[in-house]
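J.: turn this into a model:
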Amino acid sequence: MAEGVNEVLVVDIYFENNSGELYQAPLVQDMSLMNGEEYLVTYPIVGMDYEDIEVADGESITRSFAYGIYENPSTIELEFAPGLLGMPQPENIVKFDVTPE
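T.: Numbers count the residues shown, from 1 in each chain. This next block holds a predicted model:
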């Protein structure tokens, strides 16, 4: 594990593509963990490959990702910001509350 990591958070994702288009990108590239408006400093542990995945319209996938977290955040959100070449459109950004078990 990376030096200084305080916690490990495993995030289970169910991703259903209802965009009307093929989703083809590294899913992990479009996700970030946040504490309020600040991005958490994380260390990818499991499932963080940057290979493109393809999810056709109407199809779904499940994935698990493990993040090493350096801070002790009071709240955690997962931001999903699908975008072309790292430039997501603000109207496409979705945030989910993460509740560790």
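
J.: report the distance from stretch 93-101 to the chain centre.
T.: Centroid displacement of stretch 93-101 relative to its chain, using CA atoms, centre = their mean, to the nearest Å, is 10 Å.

J.: how long is that stretch from one end to the other?
T.: One end of stretch 93-101 to the other measures 25 Å (CA to CA, to the nearest Å).

J.: which other residues reach it?
T.: 9, 11, 33-34, 75-81 (CB atoms under 8 Å, 6 or more residues apart in numbering). Just so you know, the C-beta spots here come from the backbone N, C-alpha and C atoms, and that holds for glycine as well.

J.: list just the nearest of the residues you listed to Ser19.
T.: Phe80 (12.2 Å; CB to CB).

J.: quick one, what contacts that closest one?
T.: Contacts of Phe80 by CB under 8 Å, 6+ apart are 30-31, 93-96.

J.: can we see that at 6 Å?
T.: Listed by CB atoms under 6 Å, 6 or more residues apart in numbering, the contact partners of Phe80 are 30-31, 94.

J.: great, nothing more from me.
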